[in-house]
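1. here you go, sequence then predicted model.
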Amino acid sequence: METNTFEPKIVGFLCRWCTYQGADLAGTSRMEYPPNLIPVRVMCSGRVDPSFVMQAYSEGADAVVIFGCHLGDCHYQEGNYKAMRRYHLLKKMIEELGIEPQRLQLEWVSASEGERYQKEVSRIFSEVRELGPLDLNNGKAQSNG
Amino acid sequence: MDKPKVAFYWCASCGGCEEAVVDLNEDILKVVEAVDIVFWPVALDFKKKDVEAMPDGSIAVSFINGAIRLSEQEYMVNLLRKKSGLVVAFGSCAHLGGIPGLSNFYDAKLSLERAYRLSPSTDNPDNIFPSEETKINGSTLELPKFYDTVKTLDQVIDVDYYLPGCSVPADLIMNAVTAILEGKLPPKGTVLAPDKILCDTCKRNETKPEKMEVNEIKRPYEVMLDPEKCFLEQGVICLGPVTRSGCGERCIEANMPCRGCFGPTSKIRDQGAKLVSSLASIFNTNDEKEIQEIVDTIADPAGTFYRFSLPDSLLRRRRLEV
C-alpha cells in the first residue's frame, strides 16, 4: 500500500488568551503533534478578518484553523461568537470557490487544554493530508489561464 | 502644438462604458476640442495596423474598458500599453473583472458549453463550437484563444489609474480628463474616486438604528423595500459597507441595494471577504444552529459578495479542477 507523504501547510490563528497558551502548554509538556501548523498569534479569534483566511489560501495554505476561547470564556466577552458567525458564512462562501469545507476549521481550546490542542492539530493534520494539496496557484499562476 | 492623442478600447465588456463616454453630452465637445481621438473602435474607423504604426509612447492616454479573457484582448492591451504614456482602466470590468469576471466560477469549457449548447435559447444541432482554427474550403480561419480565467486589466499590463463604476459616472470621467489635461494627477495607481465607503455618503445612514440585527437574509424581490431605511436593516444584502463611494448612489436612489461595482476602498483588500465580516456582525444570534439557519438563507454568497470583483479578489477565481 502506498503511504501518504503529503506534508500540508496549515495556518492557525491562535487567540493569545487561550489557545496560544494551550499550545505553549502542549510544548512545555513535551506532547508530540505534527509540525505542519504555522501559528499566528492574534489578540482574539474575533480579530480574524475573513480576508486573513483568503490571503492564507492565496499564499499557499492547504487549510486554515481559527482557534479561540470556549464560548462564554472570551476575554472580550463575545469575540469568539463573532468569529463563529463569520466562520459559518465564510465556510459557505469558500465552498462556492471550490475549497472543501474541511480546509477551514474553528476550534475552541483553552489555556489549560494542551492535550486538546495536541489532539485537534493531529486530527486536522490527518484530515488535510487526506484531502491533498489545495493547489490554488495552479489556477492563478498560469499566465494564459 | 499638437493636441494630446487619446485612445479608447474595449475588451470583455458590454458597451456600457462606451455609452458612458457619450453620456458626457455637451461636455464631450470640450474633450474633443482638447484632444485628438486616434483610436476608438466603437465610433471611429481606425484599425489595429494604424495603432501598430504609431510611434511608441505617442498616445497620451488610453482609456481601456472591459476585462481580459481572449488572447486578442491581451495582444491589444499590450500594444496600447506600448504606444501610450498613461493607461486608465475604465469601468468595473477593467478595474476589477466586473460581471464577465463571474465566469471565473467556471472554466473555458463550461462557459462555452453553456453558451453554445446548454442555454435554452441556443439552437445548435450540429454542435458547432468556436475553435482557434477552422479549416474551410482549403483555407484556415483563426479565432482568438478563449482563456479559462478572466483577468483584470492590471493583471495583464501596467495600469496608471483606475476609473471605477458600471459604468463610470460622467463627473468622474470629466474630473479625470481635466486632471490629465492639466497635469494635476495623483500618485500612480490611484482610483480616481473618493476613498470613502458608500455608507459614509448614503442618505439612509441617518435613519440607521444604533444596533442593527437581522435573523434572515432576503433577496430584493422577496420584500417590499422601504425607500428610506438602510437595506441591511431590512435584511437585504447591500455592499455599501465594503464599496467605494463616488457613484452618486444611483442604485440607492432607485431603491435598490448597492451591488459593489465601484469595488473596495484602498483600505480593503478583498471585497467579498470583508462583506462576510460585515454581514455576519449583524446576525442577531450567538447560537450556532441559528447562525447556520441565517447563513442558509443567503443564496449565493460568493456570487453576491464578489459580483463585480471576483478576478480582483485574493483567490481570483474558483479553484480549477486539476
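-> Nice, I can see it. Model, not experiment: these values are computed from the prediction.

2. and the residue lying closest to A:Gly68 once chain neighbours are set aside, what is it in contact with?
-> The shortest distance from A:Gly68 to any non-neighbouring residue, by C-beta to C-beta, 6 or more residues apart in numbering or on different chains, is to A:Ser45 (2.8 Å). All C-beta atoms are positioned from the backbone trio N, CA, C, and that covers glycine. By C-beta atoms under 8 Å, 6 or more residues apart in numbering or on different chains, A:Ser45 lies in contact with A:13, A:15, A:66-69, A:74, A:79-80, A:83, A:106.

3. go with 7 Å
-> Contact analysis of A:Ser45 by C-beta atoms under 7 Å, 6 or more residues apart in numbering or on different chains lists A:13, A:15, A:66-68, A:79-80, A:83.

4. closest one to B:Gln155 out of these, please.
-> A:Phe13 (28.3 Å; C-beta to C-beta).

5. need the contacts of A:Ser45 in a markdown table (columns: neighbour count, pLDDT and secondary structure).
-> Shown next, in a markdown table, are the contacts of A:Ser45 (neighbours: other C-beta atoms under 10 Å in any protein chain shown; pLDDT from 0 to 100; DSSP: H, G, I helix; E, B strand; the rest coil):
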| residue | neighbour count | pLDDT | secondary structure |
| --- | --- | --- | --- |
| A:Phe13 | 25 | 98 | strand |
| A:Cys15 | 32 | 98 | strand |
| A:Ile66 | 28 | 98 | strand |
| A:Phe67 | 28 | 98 | strand |
| A:Gly68 | 32 | 97 | strand |
| A:Gly79 | 21 | 96 | helix |
| A:Asn80 | 27 | 96 | helix |
| A:Ala83 | 26 | 97 | helix |
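
6. so what's residue 104 up against?
-> Just going to use chain A. Contacts of A:Leu104 (C-beta under 7 Å, 6+ apart): A:53, A:64, A:90-91, A:94.

7. try again with chain B
-> B:149-150, B:310-311, B:316-318.

8. can you classify A:Val11 by secondary structure?
-> strand (DSSP: H, G, I helix; E, B strand; the rest coil).

9. neighbours around it, how many?
-> 22 (other C-beta atoms under 10 Å in any protein chain shown).

10. my read: it touches A:Val64, true?
-> Yes: the pair A:Val11 / A:Val64 is scored as a contact, 5.0 Å apart, by C-beta atoms under 7 Å.

11. in chain A, which residue sits closest to chain B?
-> Chain B sits closest to A:Gly98 of chain A, with a gap of 3.3 Å, by C-beta to the nearest C-beta.

12. low-scoring stretches of chain A, by residue?
-> A:1, A:137-145 (pLDDT under 70).

13. run a quick neighbour tally on A:Arg123.
-> Neighbours of A:Arg123 (other C-beta under 10 Å): 13.

14. the strand or helix carrying it near chain B at all?
-> Secondary structure assignment for A:Arg123, by DSSP states H and E: helix A:114-131. No: figure legend: helix A:114-131 not in contact with chain B (C-beta under 7 Å from any C-beta of the partner chain); closest approach 12.1 Å.

15. run through the neighbouring helices and strands of that helix.
-> strand A:10-15, helix A:19-28, strand A:63-68 (3 or more C-beta pairs under 7 Å, 6 or more residues apart in numbering or on different chains; DSSP states H and E).

16. what would these look like in JSON lines with distance to B:Ala12?
-> Converted to JSON lines, the helices and strands packed on helix A:114-131 look like this (distance: least, C-beta to C-beta, whole Å):
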{"stretch": "strand A:10-15", "distance to B:Ala12": "34"}
{"stretch": "helix A:19-28", "distance to B:Ala12": "45"}
{"stretch": "strand A:63-68", "distance to B:Ala12": "32"}
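
17. of all these, which one is nearest A:Asp49?
-> strand A:10-15 (9.9 Å).

18. neighbouring strands for that closest one, and are they parallel or not?
-> Under the criterion DSSP bridges, strand A:10-15 sits next to strand A:37-42 (parallel), strand A:63-68 (parallel) in its sheet.

19. can you pull the residues of chain A lying near chain B?
-> So far as C-beta under 7 Å from any C-beta goes, chain A lies against chain B at A:49-51, A:54-55, A:57-58, A:78, A:81-82, A:84-86, A:88-90, A:92-93, A:96-99, A:135-136, A:138-140, A:144-145.

20. now, of these, which are buried?
-> A:49-51, A:54-55, A:57-58, A:81-82, A:84-86, A:88-90, A:92-93, A:96-99, A:136, A:139-140, A:145 (16 or more other C-beta atoms under 10 Å in any protein chain shown).

21. let me know the closest of the contacts of A:Leu104 to B:Asp296.
-> Distances from B:Asp296 to the contacts of A:Leu104, taken by C-beta to C-beta, are shortest for A:Lys91, at 11.8 Å.

22. before we move on, the earlier item: shared neighbours, A:Val11 and A:Val64?
-> The contact lists of A:Val11 and A:Val64 share A:Ala56, where a contact means C-beta under 7 Å, 6+ apart.

23. using PDB, list the CA coordinates for the helix or strand of chain B with the lowest mean pLDDT.
-> Using mean pLDDT, DSSP states H and E, helix B:27-34 stands out as the lowest-scoring helix or strand of chain B, at a mean of 88. C-alpha atoms of helix B:27-34 as PDB (Å, rounded to 0.1, in the frame of the first residue of the first chain):
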ATOM      1  CA  ASP B  27     -19.000  68.100 -22.400                       C
ATOM      2  CA  ILE B  28     -17.700  65.600 -25.000                       C
ATOM      3  CA  LEU B  29     -17.300  68.600 -27.300                       C
ATOM      4  CA  LYS B  30     -14.900  70.100 -24.800                       C
ATOM      5  CA  VAL B  31     -13.000  66.900 -24.700                       C
ATOM      6  CA  VAL B  32     -12.800  66.600 -28.500                       C
ATOM      7  CA  GLU B  33     -11.700  70.200 -28.600                       C
ATOM      8  CA  ALA B  34      -8.800  69.500 -26.300                       C
END
